[in-house]
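Enquirer: Show me the folded form of this:
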Amino acid sequence: MGSSPILWRDLVILQCDVQQGSFVAAFRLADGSEAWRTSRDEIPTWSTPTVVEAGGRAELVTNGKKYVRGYDPSTGKELWRMPAGSEVPVPTPFAGQGLVFVAAGYPPRRPIYAIRPGGSGDIAPPEGATSSPFVAWSLPQSGPYLPTPIVVGERLYVVQNNGALAAYEARTGTRIYQQRLGNGAAFTASPVAASGKLYFATEDGDVHVVGSGASFELVATNPIGEPVLATPALADGTLYVRGQRHLFALKEQAAAAPRSSRR
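Expert: Have a look, this model is predicted:
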């Protein structure tokens, strides 16, 4: 499966969407015993769930082909749902600017949803509308197929498999710019951000560094020398990039101390 387990308090939570018998379940970290299991009327998906805590309530948000859903992560009870409508959902839901962003990009529908926590029941916008009390905004044809989008500051950044990068106002969905990255390479890895910059790795082995300002700024393009499909990781000031054959650890070197002179 493409979905990864997540940790929440004393539980490890799994989303398992298969042809028959799909479910989401939680297991106790202490001994692996099952805490709860909830059946899902879903076909295979590849998205990892996420837990968002807001307004004194925790919500386990799952992507899906049929529905985007919110569950109580302590019991598995479904809290809310809305039709999703895109085949093969891969991107992971994530939170930013007080919203939960859920996207999918397999044609013909490629939606992005900005969801307000706290919903109950059916939170979908009315037919023909792009928002509702618990959907701040949505775009029907802008979602990425593989890379998960990212929020940095007040902006949402979305890169498509073909390198088309778009920046949006995270709270409104207004597009700020759209720009092509690279020379036609495929983008499978999700972007990461640090120190005001975004890092986009390509299957051709280039890492494009883009500024997180209101206008497009390509800071650098760094060749790794081998294909990169895995999302880079950040820890303790180091950027880790896993290529086809090597693991690279990239870190800014400290300035050398000046040499003392003696007479």
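
Enquirer: Number of residues surrounding Val51?
Expert: 18 (other Cβ atoms under 10 Å). The C-beta positions use only the backbone N, C-alpha and C, and glycine is treated the same way.

Enquirer: pLDDT score for it?
Expert: With respect to pLDDT, Val51 has a value of 98.

Enquirer: Just give the nearest non-adjacent residue to it, would you?
Expert: Distance criterion Cβ to Cβ, 6 or more residues apart in numbering; nearest residue to Val51, sequence neighbours excluded, is Trp8 at 4.7 Å.

Enquirer: The one you found is in contact with Pro73, isn't it?
Expert: Yes - using Cβ atoms under 8 Å, Trp8 is in contact with Pro73, at 5.2 Å.

Enquirer: So between those two, which is more surrounded?
Expert: Between Trp8 and Pro73, Pro73 has the larger neighbour count (other Cβ under 10 Å), namely 26 against 17.

Enquirer: mind listing what the more buried one touches?
Expert: By Cβ atoms under 8 Å, 6 or more residues apart in numbering, the contact list for Pro73 reads 8, 11, 13, 26, 51, 58-60.

Enquirer: List just the nearest of those residues to Leu139.
Expert: Comparing these against Leu139 with Cβ to Cβ places Glu59 closest, at 21.9 Å.

Enquirer: Could you pull out the buried residues of whatever helix or strand that closest one lives in?
Expert: Per DSSP states H and E: Glu59 is located in strand 57-62. Under the neighbour-count criterion of 16 or more other Cβ atoms under 10 Å, strand 57-62 has 58-62 buried.

Enquirer: Run the chain-centre distance for the helix or strand following it.
Expert: In the C-terminal direction, the helix or strand that comes right after strand 57-62 (DSSP H and E) is strand 67-71. Relative to its chain's centre, strand 67-71 lies at 16 Å (Cα atoms, centre = their mean, to the nearest Å).

Enquirer: Strand 57-62 and the helix or strand following strand 67-71, what's the angle between them?
Expert: The helix or strand immediately downstream of strand 67-71 is strand 78-83, counting by DSSP H and E. If you take axes from the mean of the first three to the mean of the last three Cα atoms, to 10 degrees, strand 78-83 sits at 40 degrees to strand 57-62.
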